[in-house]
Every structure is written in structure tokens, then in C-alpha cells.
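**Q** got a sequence here, can you model it:
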Amino acid sequence: MKRMFLVILLLMQMPIGGVLFLSLASQQPIVNAGPDRLVNEQNLIILQAKISDNNATPANVSWRQTKGTKVALSETHQASLRFVTPQTTRREQLTFEFSIIDDSGAAVSDSVNVTVKPVNAAPSADGGLDQWLSVGSKVKLKANGTDIDGQIVAYSWRQTSGITVALSNSRSASPSFKMPEIDPLQPIQFELTVTDNEGATATDQVSIYAVKQIKSKLN
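**A** Below is the predicted model:
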């Protein structure tokens with residue numbers, strides 16, 4: 001009897017086609033959450049997991065996020081997962097874990113990384129309307145900047161032509177200066193630069209003209 005038991009044990013351990021024979025009942029399922037991804041911000045992403053289970057059918061599948069800015073997940077109890085990547089100003093890694101428990105009670109999981117990169121929309125700049133002023137008047141420049149996916153964080157003015165004037169604060173939205181005497185045909189020109197919170201810039205120009213003052217003498 002002991003010899004028969006030994007023979008059976010040896011047969012169970014003998015390689016079959018170069019592979020050690022194991023009971024299928026002892027095999028765990030295999031899952032693959034998919035390859036790591038590099039994607040743009042604010043895009044719809046679909047992750048697709050793969051499952052291999054030789055002797056059972058998955059009884060429960062689920063996705064969960066384990067790292068990064070939280071996103072709204074849909075279809076978390078299916079092999080596919082959908083979500084929209086968050087808005088970001090720098091590269092950020094999100095990690096998602098796919099898990100299954102098959103009907104034999106075996107539980108396994110796998111993770112996938114999704115790196116989100118920012119895509120910055122350029123801002124727009126508006127230096128205001130051209131102005132016509134008399135000598136000695138206070139000239140006030142007015143900057144406007146918009147950014148559809150962020151905010152304007154800096155303004156900068158520089159003079160590009162005309163008699164040099166001293167701006168009160170070239171890095172404010174509304175610097176000012178005193179209007180000098182200039183040729184009406186040769187305006188003072190300025191360039192406005194706005195910078196958004198992701199470093200993108202935009203420019204605009206504005207011109208300041210002198211108003212001719214005609215003095216009349218009483219006879």
C-alpha cells in the first residue's frame with residue numbers, strides 16, 4: 001500500500017511535455033490591467049483589463065484609484081474603465097488597480113499608471129484702445145488679459161517707439177505717465193505682455209497720440 005501511494009505521488013510530480021503537472025484547482029486567475037499610458041489633460045480615457053482563468057469564472061471584478069488627483073470613475077465593475085483626466089499644470093501620475101475574485105475564492109489584482117500631461121491654451125492680451133491726449137495730460141494705460149484654462153499672473157509694459165517716458169509701474173495692469181510734447185504724427189507706442197499661470201504669453205500694442213492745440217488770438 002505504501003508503495004502504491006509512492007508511485008501515485010511520483011506520477012503526479014512527473015513533467016508532462018516539460019511542464020510540471022499541477023491540479024487546475026490550485027491555479028489562480030491571471031489579470032492584466034493594461035499598459036501604462038501617457039495622455040493629455042481633460043481627455044476621455046478607457047482602460048481595458050484582461051482576465052485569464054482556466055478553471056473558473058470571475059465572480060467579482062472591480063477598479064479603484066490608488067494614486068493621484070481623484071477622478072470620477074464609471075463602469076468600475078467591468079473589465080473596461082472610463083474616466084476623464086483632470087486639469088493639471090504639471091505632469092501627474094494616476095494609478096488604478098483592477099481586482100478580481102473568482103468563484104473558487106481566488107483573488108488577484110494588477111495596477112496600471114496613467115501619466116497626465118498639461119496642454120496649455122495660450123492667453124490673450126488687450127492693451128486697450130489708442131489714445132489722443134494733450135500735452136501735460138495724465139496718460140493711463142489699461143491692460144486686459146484672459147485665459148480660458150487658467151489665469152493671468154503677470155503684466156508687463158515696454159515702450160517700443162516715440163519720446164521716452166517714465167511709466168509709474170511697468171509691471172502693473174494700469175501704469176501711467178505724463179504726456180510730453182510730441183509730433184502728432186509720431187505717437188508713443190507700447191507693447192503689453194501678459195503671462196498665464198502655466199508660463200504662456202501673449203502681446204498687444206497700443207499707441208498714444210498728441211492732440212494738436214490750436215490757439216487763436218483775439219483781434
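
**Q** what about the nearest residue to residue 83 once chain neighbours are set aside, how many neighbours?
**A** Residue nearest to residue 83 in three dimensions, not counting chain neighbours: residue 71, with 4.5 Å by CB to CB, 6 or more residues apart in numbering. For the C-beta atoms, the positions are set from N, CA and C on the backbone; glycine is no exception. Neighbour count of residue 71, defined by other CB atoms under 10 Å: 16.

**Q** what kind of secondary structure is residue 71 in?
**A** Following DSSP: H, G, I helix; E, B strand; the rest coil, residue 71 is assigned to coil.

**Q** how close does it get to residue 119?
**A** Distance, residue 71 to residue 119, by CB to CB, to the nearest Å: 17 Å.

**Q** cool, and residue 63?
**A** On the measure of CB to CB, residue 63 and residue 119 end up 25 Å apart.

**Q** between the two, who's got more neighbours?
**A** Neighbours were counted for residue 63 and for residue 119 using other CB under 10 Å; residue 63 has more, 24 against 13.

**Q** how about that one, what does it touch?
**A** 47, 49, 73, 75, 76, 77, 81, 96, 97, 98, 99 (CB atoms under 8 Å, 6 or more residues apart in numbering).

**Q** what subset of those residues is buried?
**A** 47, 49, 81, 96, 98, 99 (16 or more other CB atoms under 10 Å).

**Q** residues in contact with the residue nearest the centre of the chain?
**A** For the chain, the residue nearest the mean C-alpha position is residue 118 (2.7 Å; CA atoms, centre = their mean). Contact analysis of residue 118 by CB under 8 Å, 6+ apart lists 41, 87, 88, 89, 90, 91, 198.

**Q** and the least confident of the residues you listed?
**A** Lowest pLDDT among these: residue 89, with 83.

**Q** quick check, that one in contact with residue 198.
**A** Yes. Between residue 89 and residue 198 a contact is recorded at 5.2 Å, counting by CB atoms under 8 Å.

**Q** the two: which is more packed in?
**A** residue 198 (19 against 14).

**Q** need the contact list for that one.
**A** 89, 118, 120, 150.

**Q** burial count for the last one?
**A** In other words, residue 150. Neighbours around residue 150, by other CB under 10 Å: 16.

**Q** quick check: it vs residue 39, distance?
**A** Taking CB to CB, one finds residue 150 at 19 Å from residue 39.

**Q** take the buried ones among the contacts of residue 63 and write them to TSV, including distance to residue 138.
**A** Converted to TSV, the buried ones among the contacts of residue 63 look like this (distance: CB to CB, whole Å):
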residue	distance to residue 138
47	61
49	67
81	61
96	60
98	66
99	69
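
**Q** with pLDDT and distance to residue 141 added, can I get those in a markdown table?
**A** Converted to a markdown table, the buried ones among the contacts of residue 63 look like this (pLDDT from 0 to 100; distance: CB to CB, whole Å):
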| residue | pLDDT | distance to residue 141 |
| --- | --- | --- |
| 47 | 97 | 51 |
| 49 | 95 | 58 |
| 81 | 97 | 52 |
| 96 | 98 | 50 |
| 98 | 97 | 57 |
| 99 | 95 | 60 |
